[in-house]
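Novice: this one's structure only:
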């Protein structure tokens, strides 16, 4: 069952966070890890999207999915306080996900070692 569209009048406060990551695989992993937890408040909505850093390059690229290395997270809320609280919680979760990637992911280790 699809969620009802969110109107700007119901959720007038919004913020989009764009997080560039080195590869599509890391961006997809972060997306899957973060979208597991649903928003607890009915006064906050969150949407995720993978995007290319340069949309023109993504259109020309044969491997459009591989070009999507930016994790875009859009929050909408009924009040600025609810937006702030939700984004603070998201930043904590994001810090954990990025920390795990830094410690355990093979691609990140290869980049740090220059291989």
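Specialist: Sure, I can see it. Just so we're clear, the structure is a prediction, and the values are computed from it rather than from any experiment.
Novice: From now on I want contacts and neighbour counts done on CA atoms only, so please keep to that.
Specialist: OK.
Novice: Test my guess that residue 51 contacts residue 68.
Specialist: Yes. Contact between residue 51 and residue 68 holds when scored by Cα atoms under 8 Å: they sit 4.5 Å apart.
Novice: low-confidence ranges in the protein?
Specialist: Screening the chain residue by residue with the criterion pLDDT under 70, one finds the ranges 1-7, 55-63, 106-115.
Novice: Run through who's touching stretch 19-33.
Specialist: Residues external to stretch 19-33 that are found in contact with it (Cα atoms under 8 Å, 6 or more residues apart in numbering): 48-50, 53, 65-72, 97-98, 101.
Novice: Give me the longest helix you can find in the protein.
Specialist: Counting residues, the longest helix in the chain under DSSP state H turns out to be helix 80-104.
Novice: so what secondary structure elements neighbour it?
Specialist: Contacting helix 80-104 under the criterion 3 or more Cα pairs under 8 Å, 6 or more residues apart in numbering; DSSP states H and E are the following elements: strand 13-20, helix 24-34, strand 44-51, strand 70-77, helix 106-113.
Novice: Using a markdown table, please lay out the ones you listed together with mean neighbour count.
Specialist: As requested, the helices and strands packed on helix 80-104 are exported to a markdown table (neighbours: other Cα atoms under 10 Å):
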| stretch | mean neighbour count |
| --- | --- |
| strand 13-20 | 16 |
| helix 24-34 | 17 |
| strand 44-51 | 18 |
| strand 70-77 | 21 |
| helix 106-113 | 11 |
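Novice: can you list those in a markdown table and add distance to residue 89?
Specialist: Converted to a markdown table, those look like this (distance: least, Cα to Cα, whole Å):
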| stretch | distance to residue 89 |
| --- | --- |
| strand 13-20 | 13 |
| helix 24-34 | 11 |
| strand 44-51 | 12 |
| strand 70-77 | 12 |
| helix 106-113 | 25 |
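Novice: what's the closest of the ones you listed to residue 93?
Specialist: Smallest distance to residue 93 across the helices and strands packed on helix 80-104 (Cα to Cα): 7.2 Å, for helix 24-34.
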